[in-house]
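Asker: Structure for this input, please:
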Amino acid sequence: MNSNFPEDPQASDPNDPFTDGSFAQHPSPGGWLTSSPLPQAAPPPPVARPFDFRPLTAGEILDRTFAVYRSRFWLFAGIGGIAGAARTLLTAAQMLSGHFARPVTLANRFDIAGITLSFVTAVVSFFFVNLGLAASTYAVGELYLGRNVSVGSSWKSVRPRWLGYTGIFLWQVGSFIWIPLLTFVPGFIVILVARRAVGGNVAMIGIAAIVMVLGGIGGAIGGTILLIRNLLAAPAAVVEGLKVRDSMRRSKYLAMGAKGRIFLVGVIYYCLMMIVGVAQAPFAVFMLLAIQKGHEAIGSQIATLLIGFVGSSLVMPIFMIGLTIIYFDQRTRKEAFDIAMMLDPLPAPTPSAPMTPVTPVEVIATEPTTNHIPEA
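Answerer: From the prediction side, this is the model:
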C-alpha cells in the first residue's frame, strides 16, 4: 500500500465504534465508511373515516343511519336535548301562565291572549328546533368525514348562520303547504257561500266538500313531492356553505334519483313520532276530561311534557342523520365524491368556524345548470 495514504480506519483503529460491522451495509463508493443518510419523513397517514364512501342501497342507508346514531348516541341525544328542552320550557311557561291567569275552561283556552302566547311559543320553539336540526346535520357531516365533534361545537357552528337555516326551513314548509292550500281554499269558500244562500244549497255544499277532500289528498301528495325535492337543502347548506336559494337548487339536483330513499327516511321518522304521540295520548285524554270539569290535570300535563321532551330529543336526530347520509350518497353517485375525497382530503376546521365547504368535486363532475328547474 502506498505510504502516502493512511490505512483503512476500520482496520487501523480497534476502538472504532463502527468496527463491529454495523455500518458494513453502508460503504461509500471509495471504500470509506460514512454515516448513513438521514431517514426520510414518512408521509402523513390518510384521514381515518369510520364510514366508506360508496353507493348505498335503501336498506344500507337505514342500517348506516342507526349505526351512526348508536355509535354517538349521547352526542345526538345532547344536540336534540337542547332543542327539546327549550321547547319544553316554553310550553311549560305557557301552561303556568294559563294556570295563574284564570280558571281553566275550554272556552278561555282559545282567547286572544292564549292564542298570542301559543304563537310566540311556537315561533321560538321552531327557532330552536330548526337550529337543532342544523346542528345534527353538522355533527353527522363531521363524523362522516372522520373528524371529532361535540355537542358544543355542533351548536356553535350553526349560530352564525341561523338566519339562513331558518330561511331554508321556511322554504321547505312553504313548498309543502302551498298546493294543499291552493286546492283546499276554493272548496271551503264555495261551502261558505252555499251555506249563506237562502235555505242552503245542499248539492253545492256536497260538491264543494268532495272537491275539498280530493283537492286536499292531491295537494298533500303534490306537497310531499315538492318537500322531498327540498329536504337535502340543509345538508348542502351546512357541508358546502351555500346560501338559501343555492341550497334549494342544490337539493333539487341531488334529490333526482333519491326521492324514494328520502321518502323512506321520512316515513321511519313519522312512525317514530307516532309512537311518541301514542304514549302521550292517554294523558291528553285525561287533560281534556279534566278541563271539561274545570280542573287542570297538572300531573297529566307534566307527563305529556316529559314524554314529548324525551321523544323529540331522541327521534329528531334520526331524521337528519338519514338525510345527511343520503346527501353524501348522492354526491358519491353523481360526482364521484369518494374519489375526490381520496385525492383531496379536507383540512380540519377550527371549532368556532362552520364546516369547511366540501366542493372538491367540481373538477371531476360538473353539476348541470339548474336554472330551468322550477323552485317550489
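
Asker: Going by C-alpha atoms from here, please, whenever you check contacts or count neighbours.
Answerer: Fine.

Asker: nearest spatial neighbour of residue 154, skipping sequence neighbours?
Answerer: residue 135 (5.0 Å; C-alpha to C-alpha, 6 or more residues apart in numbering).

Asker: Tell me how many other residues crowd that neighbour.
Answerer: 28 (other C-alpha atoms under 10 Å).

Asker: repeat for residue 282
Answerer: 12.

Asker: other SSEs contacting the host helix or strand of it?
Answerer: Under the criterion of DSSP states H and E, residue 282 resides in helix 259-292. The contact analysis (3 or more C-alpha pairs under 8 Å, 6 or more residues apart in numbering; DSSP states H and E) places helix 259-292 against helix 202-230, helix 298-335.

Asker: And the helices in the stretch 1-150 of the chain, which stretches?
Answerer: Counting by DSSP state H, counting those that start in this stretch, the segments of the stretch 1-150 of the chain that form helices are 9-12, 58-71, 73-101, 112-144.

Asker: ok, back up a step: what are the neighbouring residues in contact with the residue nearest to residue 154?
Answerer: Residue 135 makes contact with 79, 154, 155, 157, 158, according to C-alpha atoms under 8 Å, 6 or more residues apart in numbering.

Asker: Between the residues you listed, which sits nearest residue 295?
Answerer: residue 79 (35.7 Å; C-alpha to C-alpha).

Asker: and the closest one, what does it touch?
Answerer: 132, 135, 136, 151, 154, 155, 313, 317.

Asker: okay, and for the stretch 1-150 of the chain, where does confidence drop off?
Answerer: Flagging of the stretch 1-150 of the chain using pLDDT under 70 yields the residue ranges 1-51, 97-119, 121.

Asker: where in the stretch 151-300 of the chain is pLDDT low?
Answerer: In the stretch 151-300 of the chain, residues with pLDDT under 70: 194-202.

Asker: change it to 80
Answerer: Within the stretch 151-300 of the chain, the segments meeting pLDDT under 80 span 180, 183-216, 291-298.

Asker: Return the alpha-carbon coordinates of stretch 268-281 using CSV.
Answerer: In CSV, the C-alpha atoms belonging to stretch 268-281 read as follows (Å, rounded to 0.1, in the frame of the first residue of the first chain):
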residue,chain,number,x,y,z
ILE,A,268,-89.4,6.0,9.5
TYR,A,269,-89.2,9.4,11.3
TYR,A,270,-93.0,9.8,11.1
CYS,A,271,-93.6,6.4,12.5
LEU,A,272,-91.3,7.0,15.5
MET,A,273,-93.0,10.3,16.2
MET,A,274,-96.4,8.5,16.1
ILE,A,275,-95.1,6.2,18.8
VAL,A,276,-94.3,9.2,20.9
GLY,A,277,-97.8,10.6,20.2
VAL,A,278,-99.4,7.3,21.2
ALA,A,279,-97.5,7.4,24.5
GLN,A,280,-98.9,10.9,25.1
ALA,A,281,-102.5,10.1,24.1
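
Asker: Tally up the residues packed near the spatially closest residue to residue 311 that is not a sequence neighbour, please.
Answerer: Leaving out its chain neighbours, the residue that sits closest to residue 311 by C-alpha to C-alpha, 6+ apart is residue 276, at 5.7 Å. Neighbourhood size, residue 276 [other C-alpha under 10 Å]: 19.

Asker: try residue 275
Answerer: 12.

Asker: The closest residue to residue 209 other than its chain neighbours: what secondary structure?
Answerer: Using C-alpha to C-alpha, 6+ apart and skipping residues adjacent in sequence, the residue nearest residue 209 is residue 187, 6.6 Å away. Following DSSP: H, G, I helix; E, B strand; the rest coil, the label given to residue 187 is helix.

Asker: Surely residue 187 touches residue 216?
Answerer: No - using C-alpha atoms under 8 Å, residue 187 is not in contact with residue 216; the gap is 9.8 Å.

Asker: Can you tell me, leaving aside adjacent residues, what's nearest to residue 224?
Answerer: Nearest one to residue 224, counting by C-alpha to C-alpha, 6+ apart, is residue 176 at 5.9 Å.

Asker: Perfect, that will be all.
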